[in-house]
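Dropping a prediction and its sequence here:
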Amino acid sequence: MARIVIADDSPTLRRIVTSVLTKEGHEVVAVEDGIGAVQAAFKEQPDAVVLDVQMPRVSGFIAARLLKDDWQTADIPVIMLTSLDAASDRYWAGQAGVDRYLTKDFEAPELAGTIEEVLLASSASRGGRARITPDTLDLSEEDVLSRVCDLLDRKLFESSVAQSVMAIAATASGLEASVAALLGVLQRFVGYDLAAVMLGAEKSAYLAVGQPTARSHYDEFLTAAVDGLSSYGGQQLDVTGLDVRVAQAGGELVDDPDELTGGVEMATFLSMPLRGHGGTVVGVLALSSAVKQAFGETALSTLKLIEGPAAIVIDNARLASSH
């Protein structure tokens, strides 16, 4: 027997679905909207959730996103049961993390079979082991709505970051301008002392100085970025053989450490491969700071968003410049 949460603003549909599932031996928790679905999922820790799309206050799409976005409920299968059947609706359900999509002209065996499918798939993903459920959580309506706002804010931010990177292809002319635009986007969203795009085949590095930075920090950063490119691309490079172009993007390289108010040495470094067309590593994106642990969870999440679009933009500009 499984515990199933169903959410639908139609009392008739709730009765029908409850009847079908209880006859299959399941325990049903029925609620009438998306807020109730989220509350019930966190409180009951069910084995599956069945959602309508068009519900008051919070839609099924948003409820599904909230559940799939939180580690406490992310592995609970979600079934969309709706009268909507356009391709765009099914696409949006997939984007929300929905596991199965049914329309309301379903037959009882179809619903029962779908529930059985997602329960078996969920069990198989755990290797047949029982699901480890976190402590139950009582969420108020205000708590749920606050989570909705946080989710929408984050999705808007993610969209803004991706659009800013992809816009480079339309606004920047040439490889150097494209790299400069990308490093400018990074400075707005992440912040850094030094940042560079290093390209293997071209043996070149385009570097931006975001904050006044010691020359010793610069030397250490350049060596680390070359090592990163060599490890990702399997191509051994030497710093002395690089064509390095430095832009003063709000900072400058300082020879006298006494002129700096912050740290002198590189304290934080990270790099990520730029995989162009076909997945080939064409270069690396590298960042550094004189502050320890300068790039926190938010910065890393933003860089993960930027990584894919940035690689394609740079690879396209690189290929165009070679013709």
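Perfect, I can see it now.

Could you use CA atoms for every contact and neighbour count after this?
Will do.

Quick one: low-confidence residue ranges for this structure.
With pLDDT under 70 as the threshold, the chain has low-confidence stretches at 233-235, 248-249, 323.

where do the strands sit along it?
Secondary structure of the chain, counting by DSSP state E: strands at 3-7, 27-31, 48-51, 78-82, 100-103, 194-199, 204-209, 213-214, 243-247, 253-254, 268-275, 281-289.

got the angle between the first one and strand 78-82?
Taking axes from the mean of the first three to the mean of the last three Cα atoms, to 10 degrees, one finds that strand 3-7 is oriented at 40 degrees with respect to strand 78-82.

same thing with the last one?
Strand 281-289 runs at 110 degrees relative to strand 78-82, counting by the same axes, to 10 degrees.

Give me the helices and strands touching strand 281-289, please.
Contacts defined by 3 or more Cα pairs under 8 Å, 6 or more residues apart in numbering; DSSP states H and E place strand 281-289 against strand 194-199, helix 215-233, strand 268-275.

most neighbours per residue, which of the ones you listed?
Among those, the stretch with the highest mean neighbour count (mean count of other Cα atoms under 10 Å) is strand 194-199, at a mean of 28.

Check which helices and strands that strand sits against.
For strand 194-199, the packing partners by 3+ Cα pairs under 8 Å, 6+ apart come out as helix 175-189, strand 204-209, helix 215-233, strand 281-289.

okay if I get these as a markdown table plus distance to residue 132?
Written out in a markdown table, the entries for those read as follows (distance: least, Cα to Cα, whole Å):
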| stretch | distance to residue 132 |
| --- | --- |
| helix 175-189 | 37 |
| strand 204-209 | 47 |
| helix 215-233 | 37 |
| strand 281-289 | 39 |
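
Which of those sits closest to residue 195?
When these are compared by Cα to Cα, strand 281-289 sits nearest residue 195, at 4.4 Å.

What pairs with that closest one, parallel or antiparallel?
strand 194-199 (antiparallel), strand 268-275 (antiparallel) (DSSP bridges).
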